[in-house]
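> Attaching a predicted model along with its sequence, questions to come.
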Amino acid sequence: MALAERDETVQWAAITGVIATVSVFAIAQGLSYPLLSFILQRQGVSPAVIGLSAAMTPVGFILSSPLIPGLARRFGAGRTALTCAALSALVLALIGWTQNVYLWFPLRFLIGVVTNPLYVLSEIWVIALAPPSRRGRVMGIYSTIISAGFATGPFCLLAVGTEGWPPFLVG
């Protein structure tokens, strides 16, 4: 096989693994936004506070973004992603355990901080794995599957409901 042909080979197994991994977290994010809003609404929390609480995750995304390259360089991208995945699960469990709107503000912020590297690193991996001639198509598949993951989260709530531990266990 010529060098140019090898460079054009799509590493589908690796790309699929990266996309599958980040899709799990997309589902959890898609599940957590409506779930936490429903819980806060049942607790009688005002819509303004519900909105501010929901804004904490994107604030975590924004503020953590500059830290990701340094973390990946210092600890390695794989170790950073695995650590963030474990921390994401832990923080979501803490949210389920506390059921307190005021504790949810910092916890939702932390969800943003620890899930952001998963999205950033997965996108970098997919871009690096895709050959230039197919990069647009591969990124289109990546984006479509991630979007489907976000949309799947609310459907999970239809199956398990919004009360008790089941939705948090799914997340």
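Thanks, I have it. Numbering: from 1, shown residues only.
> what residues are up against the one residue sitting closest to the centre of the chain?
Using CA atoms, centre = their mean, the residue of the chain that lies closest to the mean C-alpha position is F25, 3.8 Å off. Residues in contact with F25 (CB atoms under 8 Å, 6 or more residues apart in numbering) are A85, S88, T115, L118, Y119, G149. Any C-beta I mention is one placed from the backbone N, CA and C, and that applies to glycine too.
> rerun that using 10 Å as the cut-off
F25 is in contact with 81, 84-85, 88-89, 92, 111, 114-115, 118-119, 122, 146, 149-150, 171, counting by CB atoms under 10 Å, 6 or more residues apart in numbering.
> Pull out the buried positions in the helix or strand containing it.
For F25, the element it lies in under DSSP states H and E is helix 12-42. Within helix 12-42, the residues that count as buried by 16 or more other CB atoms under 10 Å are 15, 18-19, 21-23, 25-32, 34-40.
> And stretch 79-97, by the same measure?
Of all the residues in stretch 79-97, those buried under the rule 16+ other CB under 10 Å are T80, A81, C84, A85, L87, S88, A89, V91, L92, L94, I95, G96.
> try stretch 48-66
The neighbour-count criterion (16+ other CB under 10 Å) identifies I50, S53, A54, M56, T57, G60, F61, S64 as the buried residues of stretch 48-66.
> who are the neighbours in contact with the nearest residue to the first one once chain neighbours are set aside?
Nearest residue to I50 in three dimensions, chain neighbours excluded: L40, at 4.8 Å (CB to CB, 6 or more residues apart in numbering). Under the criterion of CB under 10 Å, 6+ apart, the neighbours of L40 are S46, P47, V49, I50, G51, S53, A54, Q99, V101, W104.
> One more: F168?
Contacts for F168 (CB under 10 Å, 6+ apart) come out as A28, L31, S32, L35, A89, L92, A93, L94, I95, G96, W97, V160.
> Pick out the most distant pair among the residues you listed.
L94 and V160 (19.2 Å; CB to CB).
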